[in-house]
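Predicted coordinates and the sequence they were generated for:
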Amino acid sequence: MSNPEWQNQGVYNNLDRQNVSFDGVRVNQGEVALYVMWYEKIDVVSNKLEYWVPRTETQPIVQSNRYLIPIDINMHQLLGQINVIPRLRILSRHNGLEQSANNNQTRIDHWHREELANVWNMDSEIRVTALAYSSK
């Protein structure tokens, strides 16, 4: 998801000489932070690899790349309609700061409400690869 504080990018590469922090997530020099919306498995005891957007965590979060597994994951939409991720407006440092933040929050809320109807499927080979990679 795009982060207006990062020039509408979903990735922040810390090229500064100092560490930075976003929402309590520390990003050291040379590290990368991601702005992500996680999906959760619908039925954790089922063998079906079906996922949806969380019902309780409705906001994207900043996540350090330190614990992420770098693999390509293709999800297939099973139910619902295409729901384009909103491109959030860059927050103005002037009078429009509060208005831009409110508009961005409205866009995220609208996207999340629309995404509630969607169900996604992960290929079993992808899950096996991720689990094998995480045990290294």
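Happy to help now that I have it.

which residues are contacting stretch 43-62?
With contact meaning C-beta atoms under 8 Å, 6 or more residues apart in numbering, stretch 43-62 is reached by 1, 3, 22-23, 25, 33-42, 75, 78, 108-109, 112, 115-116, 118-124, 127. Using the backbone N, CA and C atoms, a C-beta is placed for each residue, glycine as well.

do you know how far the residue most central in space within the chain is from G10?
Residue closest to the mean C-alpha point of the chain, counted by C-alpha atoms, centre = their mean, is V36 at 1.5 Å. From V36 across to G10, the span is 7 Å (C-beta to C-beta, to the nearest Å).

so is Q105 in a helix, a strand, or just coil?
Classification of Q105 using DSSP: H, G, I helix; E, B strand; the rest coil returns helix.

Just give the number of residues close to it.
Neighbourhood size, Q105 [other C-beta atoms under 10 Å]: 12.

From G24, how far out is the residue nearest to the centre of the chain?
Taking C-beta to C-beta, one finds V36 at 15 Å from G24.

Please apply the same query to Y35.
Y35 is 14 Å from G24, by C-beta to C-beta.

which of these two has more neighbours?
Applying other C-beta under 10 Å to Y35 and G24 shows that Y35 carries more neighbours, namely 21 against 7.
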